[in-house]
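Enquirer: build me a model from this:
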Amino acid sequence: MLLISHTGEPLEAGLDEAGRGCLAGPVFAAAVILPANFAPQFLNDSKQMTAKRRELVRTEICREAIAWAVAEASPEEIASINIAQASYLAMHRAVAQLDVTPTHLLVDGNRFKAHATLPHTCIIGGDGLYRSIAAASVLAKTFRDERMSELAVQYPEYGWQQNAGYPTALHRAAIRAFGPTKHHRMGFRLL
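Expert: Here you go, the predicted model:
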């Protein structure tokens, strides 16, 4: 059973990212503030959910959350400032887009670039422990997967509709055969 809150504050926002280990595409992040009674049946760390369940829960999150936002950092930004900093940038952008100002940020992972005005707590494995982080995990993953499926229409040879830009054998074989696209992260070891 996922925990409702870390601080007990009603406007605690969960933050998570998706796509950090990919070879192509932006890194996405989401920030979510949930009501205390929000408990969808299948909510969990997005990596532990099927695609169908992620989509069902995404609809519930978007409908029931007190506030939610999704943001990204581009492959160019990743190349310029590195993937960790780009992940923090995407998280900060998501927080800035929330319609409600949170009182505390609950961040999945062990590191975060401190927000100028909001306190935060990092939780390793937080997407499997807290509802708000799990919800952020679901939004970041589904919105990113959606973007990669859109890009796959333009670049079908890379298999992004299945691998979402992650370093699969098919993806690396396509890079060898066709070279990188403008959506590849040139600072990463592609092959």
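
Enquirer: list the buried residues of stretch 109-119.
Expert: Neighbour-count burial for stretch 109-119 flags Gly109, Phe112, His115 (criterion: 16 or more other CB atoms under 10 Å). Any C-beta I mention is one placed from the backbone N, CA and C, and that applies to glycine too.

Enquirer: among these, which are in strands?
Expert: Among the buried residues of stretch 109-119, no member is found in strands (DSSP state E).

Enquirer: the nearest residue to Ser5 once chain neighbours are set aside: neighbouring residues, count only.
Expert: Nearest residue to Ser5, sequence neighbours excluded (CB to CB, 6 or more residues apart in numbering): Glu12, at 5.3 Å. Glu12 has 23 neighbouring residues, counting by other CB atoms under 10 Å.

Enquirer: mind checking the backbone torsions on Glu12?
Expert: Backbone torsions of Glu12, given as degrees, to the nearest 10, read phi -80, psi 130.

Enquirer: who are the contact partners of it?
Expert: Residues in contact with Glu12 (CB atoms under 8 Å, 6 or more residues apart in numbering) are Ser5, His6, Ile33, Pro102, Thr103, His104, Leu105, Leu106, Ser132.

Enquirer: returning to what we had before: now flag whichever of the buried residues of stretch 109-119 is closest to Ser149.
Expert: Gly109 (25.8 Å; CB to CB).

Enquirer: quick one on the thing from earlier: so what's the residue nearest to Ser5 bridging to?
Expert: Legend: beta-bridge partners of Glu12 under DSSP bridges are His104.

Enquirer: where's it relative to Pro35, distance?
Expert: Counting by CB to CB, to the nearest Å, the separation of Glu12 from Pro35 is 11 Å.

Enquirer: do you know the pLDDT at the residue nearest to Ser5?
Expert: pLDDT, Glu12: 98.

Enquirer: and it, how far is that from Ile124?
Expert: For Glu12, the distance to Ile124 - CB to CB - is 17 Å.
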